[in-house]
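[1] Generate a structure from the sequence data that follows.
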Amino acid sequence: MVATRNHPKEFPDPETAVATATATAQESSPRKRATRTSTANHTSPTKVEAASPPRTLTRTRASTASRAPELTGWSHTPSNLTLLWLAISLPLVIWDTGYVLMRPHSMPGGYLSSFWHPYGMYGEVDKMYGFKAYNAHEGWTGAQGIVNALETAAYIAYLYIVYQYGEQDPRQGSGAPDKSAMGQLQALSESRTVTGRMAAWAAVIAYSAATVTFWKTIIYWLIEACAGFANIGHNDWLTLIFFWGPMNFAWIAVPGYMIYVFGKEILDGLEIATQSKRSR
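    Residues are numbered from 1 along each chain as shown. Below you'll find the predicted structure:
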């Protein structure tokens, strides 16, 4: 009795107490469900990853790319020594081709002979270039003249690509001598660099033209050997060494060097392409 009288508040009505308890239960139940859902998501990462395949695919591509080897693009870098040889040889070949294709007007006594005056003497050293072969209707001289014209066109196309699409590069030119041994001529070891598809065209054209030049000159020598040196056998050794040899040996040595250099670059490009396919 005393305790009841001294209570600071009156006891709530039973109906009011029940309504209040129901409202509290309704407010608390969504929070519990959200907490349970959050806990379920946290404790089952496998189900969430399985439901998001794009994220898994992205990770797979990233890991594959990180394992792929780095590949550098292929470029063609002719040395300036090669360019120097073409600058010297092409005018000589054009001059030679003109003499052969303009016979007999370019030969001694012809109205164009003054332009090819040195060939009057050389035709006596190598009778393949003289009246003997021309009067006998030897076909080799004219045939090689036509091939010379095709080679020249190929070399000019190569130079066009190099100078039109290439850029001066201070790096070591392919096939060039070591810069440390060049002294004041180090610039001859530098190169013009051509990249992309035009680089492939340049290497293939130069390689093909050099191969034709090399084997054409070899065949020229073999014809003389198989014919018993009928066109040069009348000369002494000094004449052959100083007049006939240099005019033929240079067109074997330098094109052979070019075949090696350009062939190596083509193989390097094919190797890069092979590695690129394997990495995909």
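[2] Give me the domain ranges for the chain.
    In terms of domains, the chain is parsed into 11-67, 75-278 (source: automatic domain parsing).
[3] show me where the stretch 1-150 of the chain has helices.
    Along the stretch 1-150 of the chain, the stretches classed as helices by DSSP state H, counting those that start in this stretch are 2-6, 14-43, 45-50, 53-67, 80-101, 118-125, 131-135, 139-165.
[4] Enumerate every residue touching the residue lying closest to residue 125 once chain neighbours are set aside.
    Among residues not flanking residue 125 along the chain, residue 243 sits closest, at 4.9 Å (CB to CB, 6 or more residues apart in numbering). (Each C-beta comes from the backbone N, C-alpha and C, glycine too.) Taking CB atoms under 8 Å, 6 or more residues apart in numbering, we find residue 243 in contact with 122, 125, 235.
[5] now residue 167
    Counted by CB under 8 Å, 6+ apart, residue 167 has contacts 192-193.
[6] pLDDT score for it?
    Residue 167 carries a pLDDT value of 79.
[7] If I average pLDDT within each of the domains of the chain, which one is lowest?
    domain 11-67 (a mean of 46).
[8] What helices and strands are in contact with the longest helix that the chain contains?
    The longest helix of the chain (DSSP state H) is helix 245-278. The contact analysis (3 or more CB pairs under 8 Å, 6 or more residues apart in numbering; DSSP states H and E) places helix 245-278 against helix 80-101, helix 197-226.
[9] Could you export those as CSV, including mean neighbour count and distance to residue 167?
    Formatted as CSV, these follow (neighbours: other CB atoms under 10 Å; distance: least, CB to CB, whole Å):
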stretch, mean neighbour count, distance to residue 167
helix 80-101, 17, 14
helix 197-226, 18, 12
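[10] Dump those helices into JSON lines; add distance to residue 141 as well.
    As requested, those are exported to JSON lines (distance: least, CB to CB, whole Å):
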{"stretch": "helix 80-101", "distance to residue 141": "6"}
{"stretch": "helix 197-226", "distance to residue 141": "10"}
